[in-house]
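Asks: A predicted structure for the sequence below; I have some questions about it.
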Amino acid sequence: MASVTDAELKEMTQEERVKALGMTTEQLTGKSMYIEFDPDATERFEYPWAPSVDFNKRTEVDCDGKTTTEVNNQIRALMAEGYGTIVLQNPRGMHSLGVGILSKLNLIIDGSTGYFSTGLIDGPNVRITGRVGWSCGENMMAGTVVVEKNAGSTFGAAIRGGDLVCRGSVGSRTGIDMKGGTILVGGDTGALSGFMMQRGRMVVCGNAGKNLGDSMYDGTIYVGGDIQSCGVDAVEAELTDLDKAWLTRKLTQYGLMPDKGVDHFTKIVAGKQLWNYDNLEPNEKKLIL
Amino acid sequence: MAGTQYRGSEIKDVDQFLNDAEGLETEREKEIGQHIGYRYDVNLVPDYGRLTPFLKQYMEVMGWDDLNWLEDIHMGYEEGKPAVFDRNINGWVRIPDSIELPDNQQDRDMIARELLIKFQMSDRHPLVMLRKAYMKF
């Protein structure tokens, strides 16, 4: 496997590459999936394949007259040249801008974007000076996204990590199915926010609409204003000193700290009444065994 | 039966799942032979007073003011051994015996974060080979 060079791999089809690297020919029988950390691993901070970029190397891209794919490809090409700060001019509500960036980068979108902007990212710091449409930051893995104005519905859908910030208000179903990360909202959030939330933290400085945290399995929601109603199995919990310290740190970091501090925040968690382990299961087990 | 609830037993001690890998406490857990719920507190927010120098450097390199996605990384326990869940391989990676575990979850979480970063960024991570095989050139 080591004898195959990257140049040779590039000449192959995917099927040939897979075989050449032994992905389908390796004998799995009796092989343990057990993996252990190497305590002497080299200190490295970026993925081995990540382009080496310099935050101080800055350039601009004019989106006018370009398709989304052209803009996104240009971002990748500029990162390969070492640009660490890229400004997108004239986005004019384009959809799916800045998706799939998997390494560090300062991306500034000067204007508003359409739906699914900066989704699937793993590392970059993004600032959007305007508004965003549906599902901004969906499936985000790591990094930061700061939206200066309002955001549409399903803000941070299925987010897994990183900080997703909206200084204004957001629509309904914010953080639907979120599995990690932090969503910060400076204003209000709509109905069914935190719907089916599984992990992570959501902070709303304003009010929350109906059915907050409906069917949440785990995770935490902090609300500074009024909650119209909590959803199924979303219950209030005690705000601890660790929560307060974390909230203060996070809100200060993004300039969202309310004048009256964080003591007034309501903490919502899962009541764990939906942790269903079906009654039939043990009986079925007995039947099978 | 839909609507039937069974809460898991509470985590009482940081070494609970090291000393008792099964962790069966409630009648329901004993009945199904499985601990209900996570084996660590997924909602525990990090104590930034316990950051390691490596993690501080990582934050600086990435241009972040905090731990970012690592806030969701905790030290868990698999089959009575300390381990960390790596989302990039959808599996647990074990902590070697040579690493001494601190007596509190916050410090353990910091070690977990540091080890996970070193592993994910290394050439021995399975994603390196998978990427070579399946990425679009």
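Replies: In hand now; what should we look at?

Asks: any idea which helix or strand of chain A has the worst average confidence?
Replies: Sorted by mean pLDDT, DSSP states H and E, the helices and strands of chain A end with helix A:280-288, the least confident at a mean of 57.

Asks: Is there proximity between the longest strand seen in chain A and chain B?
Replies: Of all the elements of type strand in chain A, the one with the most residues (DSSP state E) is strand A:54-62. Yes. Remark: strand A:54-62 sits within contact range of chain B at residue A:55, by CB under 8 Å from any CB of the partner chain. Placement of C-beta: from N, CA and C, glycine included.

Asks: now swap in stretch A:99-118 and tell me
Replies: Yes. Figure legend: stretch A:99-118 in contact with chain B (CB under 8 Å from any CB); contacting residues A:104, A:106.

Asks: What residues sit buried inside that stretch?
Replies: A:99, A:101-109, A:111-118 (16 or more other CB atoms under 10 Å in any protein chain shown).

Asks: what's the answer for stretch A:69-88, then?
Replies: Taking 16+ other CB under 10 Å as the neighbour-count basis, stretch A:69-88 is seen to contain the buried residues A:71, A:72, A:74, A:75, A:78, A:79, A:83, A:84, A:85, A:86, A:87, A:88.

Asks: need the residues of the stretch 1-150 of chain A near chain B, please.
Replies: Proximity of the stretch 1-150 of chain A to chain B is assessed by CB under 8 Å from any CB, with A:6, A:9-10, A:14, A:17-18, A:21, A:23, A:33-39, A:41-49, A:55, A:104, A:106, A:123, A:125, A:141-144 identified as the residues in range.

Asks: Any of the residues you listed buried? List them.
Replies: Buried residues within the residues of the stretch 1-150 of chain A next to chain B, counting neighbours by 16+ other CB under 10 Å: A:9, A:17-18, A:21, A:35, A:37, A:41, A:44-47, A:104, A:106, A:123, A:125, A:141-144.

Asks: could you say which helix or strand contains the closest residue to residue B:123 other than its chain neighbours?
Replies: Leaving aside its chain neighbours, residue B:123 sits nearest to residue A:48 (5.6 Å; criterion: CB to CB, 6 or more residues apart in numbering or on different chains). Assigned by DSSP states H and E, residue A:48 belongs to neither a helix nor a strand.

Asks: Surely residue A:244 is within a helix?
Replies: Yes. The assignment for residue A:244 (DSSP: H, G, I helix; E, B strand; the rest coil) places it in a helix.

Asks: Now it. Nearest residue, chain neighbours left out?
Replies: If the residues on either side of it in the chain are set aside, residue A:244 comes closest to residue A:262, at 5.3 Å by CB to CB, 6+ apart.

Asks: so how far is chain B from that neighbour?
Replies: The spacing between residue A:262 and chain B, counted by CB to the nearest CB, to the nearest Å, is 13 Å.

Asks: before we move on, what about residue A:139?
Replies: When distances are taken as CB to the nearest CB, residue A:139 and chain B turn out to be 12 Å apart.

Asks: what about that residue, distance to residue A:164?
Replies: The span separating residue A:139 from residue A:164 equals 11 Å under the rule CB to CB, to the nearest Å.

Asks: Would you mind telling me which of the two has more residues around it?
Replies: Ranked by neighbour count (other CB atoms under 10 Å in any protein chain shown), residue A:139 and residue A:164 place residue A:164 first, with 32 against 19.

Asks: Which strand residues bridge that one?
Replies: The residues listed as beta-bridge partners of residue A:164 by DSSP bridges are residue A:145, residue A:183.

Asks: Could you find the closest non-adjacent residue to residue B:102?
Replies: Residue B:102's closest residue in space is residue B:108 (CB to CB, 6+ apart), at 5.7 Å.

Asks: Contacts for the stretch of helix or strand the one you found belongs to next, please.
Replies: Taking DSSP H and E as the definition, residue B:108 sits inside helix B:105-120. Contacting residues not belonging to helix B:105-120 are listed as A:37-39, A:41-45, A:47, B:14, B:40-41, B:44, B:46-47, B:50-52, B:54-55, B:58, B:67, B:70, B:73-75, B:82, B:84, B:86, B:88, B:93, B:95, B:99, B:101-102, B:125, B:127 [CB atoms under 8 Å, 6 or more residues apart in numbering or on different chains].

Asks: Drop anything exposed from those.
Replies: Buried members of these, counted by 16+ other CB under 10 Å: A:37, A:41, A:44-45, A:47, B:14, B:40, B:46-47, B:51, B:54-55, B:58, B:67, B:70, B:73-75, B:82, B:84, B:86, B:93, B:95, B:125.

Asks: follow-up on the earlier one: please flag which of the buried ones among the residues of the stretch 1-150 of chain A next to chain B sit within strands.
Replies: Among those, DSSP E puts A:106, A:123, A:125, A:142, A:143, A:144 in strands.

Asks: which of those sit farthest apart?
Replies: Longest distance between any two of those is 14.5 Å, between A:106 and A:142; criterion CB to CB.

Asks: in the chain, what spans have low per-residue confidence?
Replies: I'll assume chain A. Applying pLDDT under 70 to the predicted model, the residue ranges of chain A that meet it are A:1-2, A:26-33, A:276-289.

Asks: actually it's chain B I care about, not the one you picked
Replies: Of all residues in chain B, those with pLDDT under 70 make up the ranges B:1-6, B:137.

Asks: pull the longest strand from chain B.
Replies: Criterion DSSP E: the longest strand present in chain B is strand B:81-86.

Asks: That strand: how far from the chain's middle?
Replies: Between the mean C-alpha point of strand B:81-86 and the mean C-alpha point of its chain there is a distance of 5 Å (CA atoms, centre = their mean, to the nearest Å).

Asks: list the helices and strands the helix or strand that it is followed by packs on?
Replies: Per DSSP H and E, strand B:81-86 leads on to strand B:91-94 as the next helix or strand towards the C-terminus. Secondary-structure packing of strand B:91-94 (3 or more CB pairs under 8 Å, 6 or more residues apart in numbering or on different chains; DSSP states H and E): strand B:76-78, strand B:81-86, helix B:105-120.

Asks: What are the boundaries of the helices in chain B?
Replies: Along chain B, the stretches classed as helices by DSSP state H are B:16-19, B:27-32, B:53-62, B:105-120, B:126-134.

Asks: hey, which of these is tucked in deepest?
Replies: Of all those, helix B:105-120 has the most neighbours on average by mean count of other CB atoms under 10 Å in any protein chain shown, namely a mean of 21.
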